[in-house]
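> Requesting a structural model of the entry that follows:
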Amino acid sequence: MQGTVRALFIAPEKKATSVSVPSVQTTSGGFDGDYHALKANGRQVLMVSSSILEQLELEPGAISENIVLDGIDVMSLREGQQLRMGQAILEVTGPCEPCGQMDRIRSGLKKALSHRRGMFAKVVRSGEIRVGDVVEY
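Residues are numbered from 1 along each chain as shown. This next block holds a predicted model:
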């Protein structure tokens, strides 16, 4: 199956506004230049379906995601499933449950995103990912 990378984002520091980038280099810790890649936790890369953002009338990058994907129901991906994007391969590690920060974006957003905020992934093969790249899984 296939999808497409619609948008890519990095957060240069904790609680910083996500910055849209046309391409990103992945490393063993996540996205080069992203705050979360500096942490030794399970959150390397957060993927979300563009359809969820559209349903909730959110702009890409609004919920601190790293990758917005077209044509893929991110929440249907299973733990351990691998996705090839550009030169990189990411492996799904599990769902991201929305936190209280979501209600700071918009009242009720935490509840609206329950079980659909996105899936975390880790980098298993480093490489460049670009907006427009085909995603194979």
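
> shaky segments in the protein?
38-42 (pLDDT under 70).

> hey, where'd the helices end up in the chain?
Here the chain has its helices, by DSSP state H, at 50-55, 101-105, 109-112.

> What are the buried residues along the shortest one?
Put plainly, it is helix 109-112. 109-110, 112 (16 or more other C-beta atoms under 10 Å). For every residue, glycine as well, the C-beta is placed using N, CA and C.

> Quick check, V45 in contact with V124.
No - using C-beta atoms under 8 Å, V45 is not in contact with V124; the gap is 11.1 Å.

> which residue sits farthest out from the middle of the chain?
S107 (22.0 Å; C-alpha atoms, centre = their mean).

> Could you measure from it over to G100?
11 Å (C-beta to C-beta, to the nearest Å).

> OK, contacts around R116?
49, 52, 75 (C-beta atoms under 8 Å, 6 or more residues apart in numbering).

> Let me fix that, I meant to ask about I52.
By C-beta under 8 Å, 6+ apart, the residues touching I52 are 74, 113, 116-118.

> Now with 10 Å, please.
By C-beta atoms under 10 Å, 6 or more residues apart in numbering, the contact list for I52 reads 58, 63, 65, 68, 73-75, 112-113, 116-118.

> swap in T93?
T93 touches 42-45, 79-81, 119-122, counting by C-beta under 10 Å, 6+ apart.
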